[in-house]
Each structure stands twice: as structure tokens, then as C-alpha cells.
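Engineer: Any chance you could fold what I've pasted below:
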Amino acid sequence: IFQNVEGRTPLELFDNACIVATNNLYEQLKRYPMETSSKPDLSVEDVDIIHETRNRIKNAETIIIVGGGASGFATVGEILCNFPTKKIIMIHDEQTVLNRYPKSVINAARKILSNTNVEVILGEKVLKWKDFKKYEAVLTDKGTIKQADVVLYCGKKSPDINFMEAHFSDSLKNGRINVDNSLRLPGTNIFALGNIHVQGIERDIFSIRHESKFVARNMKRILN
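Structural biologist: This next block holds a predicted model:
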């Protein structure tokens with residue numbers, strides 16, 4: 001919406017209320033650059049990249065997944081569901097997979113991985129990533145070298161700061177949209193989800209999971 005309405009800010013576009021859900025940028029996009037990734041619709045180039053990546057995974061014997069959080073674990077699961085014979089190496093810089101989740105979830109994840117042919121390397125951070133055309137290789141901070149046909153980066157994400165600076169430059173704090181305890185930009189009826197700064201509250205993955213429900217309730221109160 002913001003990109004198609006020139007010369008007007010989000011504050012001018014909506015009389016009642018709106019919700020802004022900010023997105024993140026993953027390092028994987030740097031490996032397979034999407035020049036039109038900021039546009040709301042997939043371009044022909046985007047679709048080609050998706051098909052190219054899937055074909056590379058399909059034809060690969062060994063795949064390295066960098067990151068053992070939710071994105072990395074989900075990627076492993078999707079690959080094994082579609083290609084159960086693939087050899088997968090997961091490298092995670094924490095001491096356990098899904099380290100930000102409850103112990104019950106972590107234990108369940110460990111049990112799932114133990115029943116697969118996934119090699120899990122914990123407590124090591126990937127420092128270098130090299131494409132040798134015939135294969136790709138990574139080097140960790142512990143000196144471990146692993147090579148594979150495909151390397152997928154599912155590690156830490158960073159906020160899409162360009163989007164936020166373009167539309168919310170006056171409302172940013174520490175690179176995030178500053179909101180009050182109702183998750184609303186102060187003095188407006190614009191709610192924000194995702195990359196937000198809430199004064200005095202330490203956010204984690206569990207609070208983020210409940211943001212949408214919280215905002216939906218507040219939005220309903222306003223509209224009613």
C-alpha cells in the first residue's frame with residue numbers, strides 16, 4: 001500500500017486504524033539475491049530463483065543448513081519430507097537447537113533429529129562460506145570445515161531497516177518502530193508487529209507469538 005501511494009505517509013492514509021507487520025531480511029537472500037524482493041508481488045525473476053534453489057536441493061547429495069533455530073529446523077523438516085534420503089549437516093552457534101524454546105520443545109526436536117541422518121554441529125559459528133562451483137564449503141570458528149552441494153543460510157535475521165526508515169523515520173528507536181504498551185505508535189491508531197521497541201519490556205520469541213492476538217483485540221476495541 002505504501003509503495004503505491006506517492007507523497008503520503010502511513011499517518012495520512014488511514015483515518016481509523018491500521019496494522020503494520022514489518023519483515024526481516026535473511027542472509028540467504030544475499031546468496032540468491034532477489035532484486036525485486038522489496039515489491040509486494042513475486043516477479044518472474046523471483047519465481048526462477050525459487051525453482052533454481054529447489055532444483056539445486058533436489059539434485060544435491062549433501063546439504064548444509066546454517067542455523068538451528070526455528071527457520072533452520074523447519075528447513076530441515078521440509079527437505080526431509082520431500083527428499084528423505086538427503087544427507088543434511090546442521091551447524092548452530094548455540095549449545096542446543098531451538099535454544100529460545102521451552103525444554104519440552106527442545107527435547108522433542110532432539111528426538112526427531114536422532115531418528116534422521118542429520119549431522120548436528122553445535123556451539124560453532126560459521127565464519128566463511130565459499131562457492132567452488134562444483135561444491136560449497138563452510139569454515140567455523142572452531143576450525144571445522146564442511147563441504148556440500150548446497151549451503152542454505154537460516155541463521156539470524158536482521159530488520160528491514162530500509163522499509164522502516166522510508167515510512168517511520170520519526171518513530172524509530174534502536175532500529176525498531178517505537179510503540180507504547182498497546183503496541184501502537186504514540187498518538188496514532190497505527191499498530192506495529194515484529195520489529196518493534198516497547199519501552200521497559202524485554203521481548204522474546206514467546207511475546208512475539210502473542211503480538212497479533214494482542215493487537216487484534218485492541219484494534220477491535222477501536223473500531224467498535
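
Engineer: what element comes up after the least confident helix or strand in the chain by mean pLDDT heading to the C-terminus?
Structural biologist: Lowest by mean pLDDT, DSSP states H and E among the helices and strands of the chain is helix 28-31, with a mean of 42. Proceeding N to C from helix 28-31, the next assigned helix or strand is helix 44-59, under DSSP states H and E.

Engineer: quick one: average pLDDT of that following helix?
Structural biologist: For helix 44-59, mean pLDDT is 81.

Engineer: Which helix runs longest in this structure?
Structural biologist: Secondary structure of the chain read by DSSP state H shows that its longest helix is helix 205-223.

Engineer: Show me where this structure has its helices.
Structural biologist: 10-13, 28-31, 44-59, 70-82, 103-114, 161-168, 205-223.

Engineer: what angle sits between the third one and helix 70-82?
Structural biologist: It stands for helix 44-59. Comparing the axes of helix 44-59 and helix 70-82 via axes from the mean of the first three to the mean of the last three Cα atoms, to 10 degrees yields an angle of 60 degrees.

Engineer: so what does helix 44-59 touch, helix or strand wise?
Structural biologist: Counting contacts by 3 or more Cβ pairs under 8 Å, 6 or more residues apart in numbering; DSSP states H and E, helix 44-59 is packed against strand 150-153. Just so you know, the C-beta spots here come from the backbone N, C-alpha and C atoms, and that holds for glycine as well.

Engineer: tell me the phi and psi of residue 99?
Structural biologist: Main-chain dihedrals, residue 99, degrees, to the nearest 10: phi -60, psi -20.

Engineer: what residues are up against it?
Structural biologist: Residues in contact with residue 99 (Cβ atoms under 8 Å, 6 or more residues apart in numbering) are 68-69, 92, 106.

Engineer: Equivalent analysis for residue 83, please.
Structural biologist: Residue 83 is in contact with 57-58, counting by Cβ under 8 Å, 6+ apart.

Engineer: any idea how far it is from residue 220?
Structural biologist: According to Cβ to Cβ, to the nearest Å, residue 83 and residue 220 sit 44 Å apart.

Engineer: Kindly report the same for residue 155.
Structural biologist: 37 Å.

Engineer: Settle it for me: which of these two has more neighbours?
Structural biologist: Neighbours per residue (other Cβ atoms under 10 Å) separate residue 155 from residue 220, with residue 155 holding more: 20 against 10.

Engineer: wait, isn't that one in contact with residue 67?
Structural biologist: Yes - the criterion here is Cβ atoms under 8 Å, and residue 155 meets it with residue 67 at 3.7 Å.

Engineer: picking up where we left off before, please indicate which of the contacts of residue 99 are buried?
Structural biologist: Neighbour counting with 16 or more other Cβ atoms under 10 Å marks 68-69, 92 as buried within the contacts of residue 99.

Engineer: In a markdown table: these, plus distance to residue 192.
Structural biologist: Formatted as a markdown table, those follow (distance: Cβ to Cβ, whole Å):
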| residue | distance to residue 192 |
| --- | --- |
| 68 | 29 |
| 69 | 23 |
| 92 | 30 |
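
Engineer: From those residues, which shows the smallest pLDDT?
Structural biologist: Among those, residue 69 has the weakest pLDDT, 89.

Engineer: quick one: contacts for that one?
Structural biologist: Residue 69 sits next to 92, 97-100, 154-156 when contact means Cβ under 8 Å, 6+ apart.
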